[in-house]
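S.K.: Mind folding the following:
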Amino acid sequence: MKNLLIILFVGSIILFPACSNDFLHNESQIKEQLDTLVTMYIMEGEQVLTLNLSKQNDGKFTIVKHPKFFEFNSMTGKLIDGKAIITYHLSAEEWAVSSTYSQEAYETQLLLGVDNYGLVACPVNVQNSLHSFNGIRFSDDVINFDTTEMRALLLYNDGNNPVCFNIFSKPSEISLSNSSGTIIPNSNFLLTFMLNREGLSPGEYSTSIGFNIENYGDVTIPVYFKVDELKTASNTLIEGMVVEADFNSNENKLFLLTSTPNRLTIIDLDDSSKTVIDLPKKPSCMDFSSDFSTVFIGNTIASFLTIDIAKNNHIREYELPIIPYDLEYGENGYCYITTGYVGYTSMICSVSLTSGNVFSYPNQYKFDEYTKLIKVPEKDLLLGYTTHLSPSRIILFDLSNDTISDRIKSFENTESAGGLWLVDNGNFSVSKQRDVRKITGNYFDELSLNIYGTIDGITGEIAHVSEHSGKSMLNIVIQGDYTSNTSWSYILLWDFNSASEITKIFPSKINNFQYNTVRYSFLAKNDNTLVILSTDSQFLDQNSTWYYEFVSF
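M.R.: Next comes the predicted model:
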């Protein structure tokens with residue numbers, strides 16, 4: 001992922017009110033002049049700016065000079081692999097009364113002072129993106145939904161008198177936040193437009209929205225959107241309550257761990273065959289070996305099983321001093337188990353799969369109940385994150401000696417509560433709250449988790465993330481985002497390298513349940529089919545009905 005910026009629609013573009021700080025720096029001594037021209041738009045809101053320096057190592061930087069009227073969330077920051085991520089905004093009111101407001105654009109520069117390196121200059125184009133139509137300035141002269149469901153339009157009155165407007169025509173597929181309003185002098189009015197593609201045939205659409213502006217006349221704003229073709233198979237009922245699900249993209253197999261009945265069901269997508277392994281106890285969690293030949297299943301009593309999938313053979317049951325909440329196989333002959341039950345002398349333990357010996361970590365104050373575990377690929381590292389406690393934290397465990405030891409690193413307030421996923425072969429983490437962090441450092445004592453960016457353009461939380469082996473596509477389940485105007489959850493396909501949206505797939509196009517909620521989404525082997533698990537209710541409980549299906553996009 002090169003620039004983990006965010007998908008922003010017009011109207012929520014983020015600008016930085018610049019302070020007019022004139023620091024005394026000799027600009028003739030600039031160490032590096034960046035080639036890429038950065039554009040800062042004259043709009044309200046907040047935006048993220050990413051600068052790539054040739055200096056690849058980490059280091060602190062200070063903003064020493066920047067365009068007038070832009071303000072920055074912080075005047076200092078830290079380089080991560082030569083990348084500077086800066087957040088800023090602009091005050092449209094201050095800009096409006098300035099003498100430069102009438103200019104369409106002008107060029108200036110952003111100057112950074114980098115520790116142990118020198119001054120870095122970035123060329124900046126300050127762009128007036130407000131289009132004037134009959135007494136009102138519009139943030140854009142076209143509304144292009146592309147593949148999104150919501151767009152915003154900012155109306156600005158730079159005159160001396162209030163201006164009234166009303167919308168007299170629009171497509172039936174589009175709903176409005178307001179159909180009329182009054183804009184006071186030197187102020188703005190934000191309109192949001194919601195597009196409902198339900199029932200529309202695939203293709204590209206061109207239409208318009210008509211504005212009547214008091215004392216000026218009518219204005220027509222073109223509208224463009226497209227509807228992608230989705231081929232949906234019928235829903236298949238899953239018997240029982242899904243405890244956990246996983247997917248082997250190499251063999252195109254879906255694994256469903258369920259209770260009532262207690263079983264592991266394996267569905268081969270190539271030939272639609274099913275393999276069912278009945279379990280002797282009620283399951284609580286599971287993990288697989290990297291080749292999916294062995295599954296490790298935690299029970300709701302103090303034990304876990306290992307099963308040879310190919311032979312459908314219960315290899316062994318291991319007794320534990322705790323009831324498993326989560327379980328992770330370390331690819332080193334050990335399993336690591338946490339508990340969700342308070343009162344145990346240990347919240348985490350290591351189990352040798354060869355001897356069955358259990359190594360409990362006694363310093364329970366260092367750990368939290370309900371901690372999820374993730375093995376970091378190709379490294380002697382185990383990552384843990386809290387799911388029920390706030391403030392949340394991430395813990396890194398050193399597995400160089402196989403068992404959990406005192407060599408741990410804890411990162412507080414990491415916004416990881418409820419969900420965390422590793423992507424890009426374990427180099428990055430994505431949290432439920434949409435934060436993306438990079439794991440840096442070659443040795444355990446040097447390890448750190450640095451904010452790399454945020455997946456924006458969504459208002460809900462991330463419920464599940466998966467990626468295709470060898471591909472840059474992330475498959476993200478979003479819950480609690482009502483911007484679709486039709487459902488509570490949807491699937492976002494995201495290009496990890498370019499940090500851009502590929503498409504959104506909404507549950508209303510998957511099945512007919514009013515409160516359909518997507519729980520898992522996996523990318524199948526052929527790259528254009530999703531394997532989706534959903535329930536018929538917004539809230540998950542023992543009465544929820546589970547379904548799976550395949551959607552081509």
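
S.K.: For the stretch 251-400 of the chain, which segments count as strands?
M.R.: 253-259, 263-268, 274-278, 283-288, 294-299, 303-308, 313-319, 324-329, 334-339, 348-352, 358-360, 371-375, 381-386, 393-398 (DSSP state E, counting those that start in this stretch).

S.K.: Nearest to Ser74, out of the ones you listed?
M.R.: Ser74 lies closest to strand 393-398 among the strands of the stretch 251-400 of the chain, at 22.4 Å (CB to CB). C-beta here means a position set from N, CA and C on the backbone, and glycine is covered the same way.

S.K.: The closest residue to Lys60 other than its chain neighbours and Thr76, how far apart?
M.R.: Distances taken as CB to CB, 6 or more residues apart in numbering put Asp115 closest to Lys60, at 4.7 Å, once the chain neighbours are dropped. As for Asp115, its distance to Thr76 is 10 Å (criterion: CB to CB, to the nearest Å).

S.K.: Correct me if wrong, but Val465 is in a helix.
M.R.: No - Val465 sits outside any helix when classified using DSSP: H, G, I helix; E, B strand; the rest coil, being strand.

S.K.: Now for it, how many residues are close by?
M.R.: By other CB atoms under 10 Å, 22 other residues sit near Val465.

S.K.: Where do the helices of the chain begin and end?
M.R.: If you assign secondary structure with DSSP state H, the helices in the chain sit at 92-96.

S.K.: got any ranges where the stretch 1-150 of the chain has weak pLDDT?
M.R.: Low-confidence segments of the stretch 1-150 of the chain (pLDDT under 70): 1-28, 41-48, 55-58, 90-106, 127-135, 139-140, 146-148.

S.K.: So which residues of it form strands?
M.R.: For the stretch 1-150 of the chain, strands defined by DSSP E, counting those that start in this stretch occupy the ranges 30-33, 38-41, 46-52, 59-65, 70-72, 76-79, 83-90, 105-114, 118-127, 131-133, 136-138, 143-146, 150-157.

S.K.: and those as CSV, adding mean neighbour count?
M.R.: Shown next, in CSV, are the strands of the stretch 1-150 of the chain (neighbours: other CB atoms under 10 Å):
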stretch, mean neighbour count
strand 30-33, 14
strand 38-41, 18
strand 46-52, 19
strand 59-65, 17
strand 70-72, 20
strand 76-79, 17
strand 83-90, 21
strand 105-114, 18
strand 118-127, 18
strand 131-133, 14
strand 136-138, 22
strand 143-146, 17
strand 150-157, 22
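
S.K.: contacting residues for the residue lying closest to Leu34 once chain neighbours are set aside?
M.R.: Spatially, and ignoring its direct neighbours in sequence, Leu34 is nearest to Cys122 (4.5 Å; CB to CB, 6+ apart). Applying CB atoms under 8 Å, 6 or more residues apart in numbering to Cys122 gives the contacts 34, 36, 38, 51, 109-112.

S.K.: ok, now how distant is Cys122 from Ile86?
M.R.: Taking CB to CB, one finds Cys122 at 10 Å from Ile86.

S.K.: residues shared between the contacts of those two?
M.R.: With contacts defined as CB under 8 Å, 6+ apart, the residues adjacent to both Cys122 and Ile86 are Leu51.

S.K.: Between the contacts of Cys122, which sits nearest Ile143?
M.R.: So of those, ranked by how close each gets to Ile143 (CB to CB), first place is Val38, at 25.4 Å.

S.K.: Return the set of residues that bridge with the closest one.
M.R.: Using DSSP bridges, the bridge partners assigned to Val38 are Val124.

S.K.: Does it touch Leu51 like I think?
M.R.: Yes - using CB atoms under 8 Å, Val38 and Leu51 qualify as a contacting pair, with a distance of 7.4 Å.

S.K.: so what sits against both of those two?
M.R.: Here Val38 and Leu51 share the contacting residues 110, 122, scored by CB under 8 Å, 6+ apart.

S.K.: tell me the contacts of Thr76?
M.R.: If you count contacts by CB under 8 Å, 6+ apart, Thr76 has them with 60-63.

S.K.: ugh, typo on my part, it should be Glu32
M.R.: When contacts are counted by CB under 8 Å, 6+ apart, Glu32 touches 53-55, 117-121.

S.K.: which residue sits farthest out from the middle of this protein?
M.R.: Here the chain has its C-alpha centre computed as a mean, and the residue farthest from that point, by CA atoms, centre = their mean, is Asn215 with 45.7 Å.

S.K.: Would you mind measuring from it to Ser175?
M.R.: 28 Å.

S.K.: again with Thr87
M.R.: The separation that Thr87 has from Ser175, given CB to CB, amounts to 31 Å.

S.K.: what sits against the closest residue to Leu264 other than its chain neighbours?
M.R.: Nearest in space to Leu264, with sequence neighbours left out and distances taken as CB to CB, 6+ apart, is Ile277 at 4.4 Å. Residues in contact with Ile277 (CB under 8 Å, 6+ apart) are 263-266, 307, 309, 312.

S.K.: and Ile277, how far is that from Phe165?
M.R.: With distances taken as CB to CB, Ile277 is found 65 Å from Phe165.

S.K.: What ranges in the stretch 151-300 of the chain fall below the confidence cut-off?
M.R.: The stretch 151-300 of the chain contains residues with pLDDT under 70 at 228-234.

S.K.: Buried residues in stretch 198-209, which are they?
M.R.: Using 16 or more other CB atoms under 10 Å as the burial criterion, the residues of stretch 198-209 that qualify are 205, 208-209.

S.K.: ah, wrong one, I meant stretch 519-539
M.R.: For stretch 519-539, burial by neighbour count (16+ other CB under 10 Å) applies to 519-525, 529-536, 538.

S.K.: and what of stretch 425-440?
M.R.: The neighbour-count check on stretch 425-440 (16+ other CB under 10 Å) flags 426, 428-439 as buried.

S.K.: So which of those is the closest to Thr236?
M.R.: Relative to Thr236, and with distances defined as CB to CB, the nearest of those is Lys432, at 27.8 Å.

S.K.: now the residue nearest to that closest one when sequence neighbours are not counted: how far from Ser169?
M.R.: Spatial nearest neighbour of Lys432, chain neighbours left out: Gly419 (3.5 Å); criterion: CB to CB, 6+ apart. For Gly419, the distance to Ser169 (CB to CB) stands at 44 Å.

S.K.: Also Tyr385?
M.R.: Note on Tyr385: its distance to Ser169, by CB to CB, is 51 Å.

S.K.: likewise Leu237?
M.R.: Using CB to CB, we find Leu237 at a distance of 45 Å from Ser169.

S.K.: what's the answer for Lys282, then?
M.R.: According to CB to CB, Lys282 stands 59 Å off from Ser169.

S.K.: do Tyr336 as well
M.R.: In terms of CB to CB, Tyr336 sits 62 Å off from Ser169.

S.K.: who's more crowded, these two?
M.R.: For Tyr336 versus Ser169, neighbours defined as other CB under 10 Å are more numerous around Tyr336 (25 against 12).

S.K.: Skipping its backbone neighbours, what lies nearest that one in space?
M.R.: Sequence neighbours aside, Glu328 is the residue nearest to Tyr336 in space, at 5.0 Å (criterion: CB to CB, 6+ apart).

S.K.: end to end, how far does stretch 64-81 reach?
M.R.: Start and end residues of stretch 64-81 are separated by 21 Å (CA to CA, to the nearest Å).

S.K.: now it: how far from the chain's centre is it?
M.R.: The offset between the C-alpha centroid of stretch 64-81 and the centroid of the whole chain comes to 24 Å, using CA atoms, centre = their mean, to the nearest Å.

S.K.: quick one: Gly203 and Lys226 touch, right?
M.R.: Yes - between Gly203 and Lys226 there is a contact under CB under 8 Å: 6.9 Å.

S.K.: What count of nearby residues applies to Lys274?
M.R.: Here the neighbour count serves as a burial measure; for Lys274 (other CB under 10 Å) it reads 11.

S.K.: now do Ile315
M.R.: Applying other CB under 10 Å, we find 13 other residues in the vicinity of Ile315.

S.K.: Excluding sequence neighbours, find me the nearest residue to it.
M.R.: Thr306 (4.5 Å).
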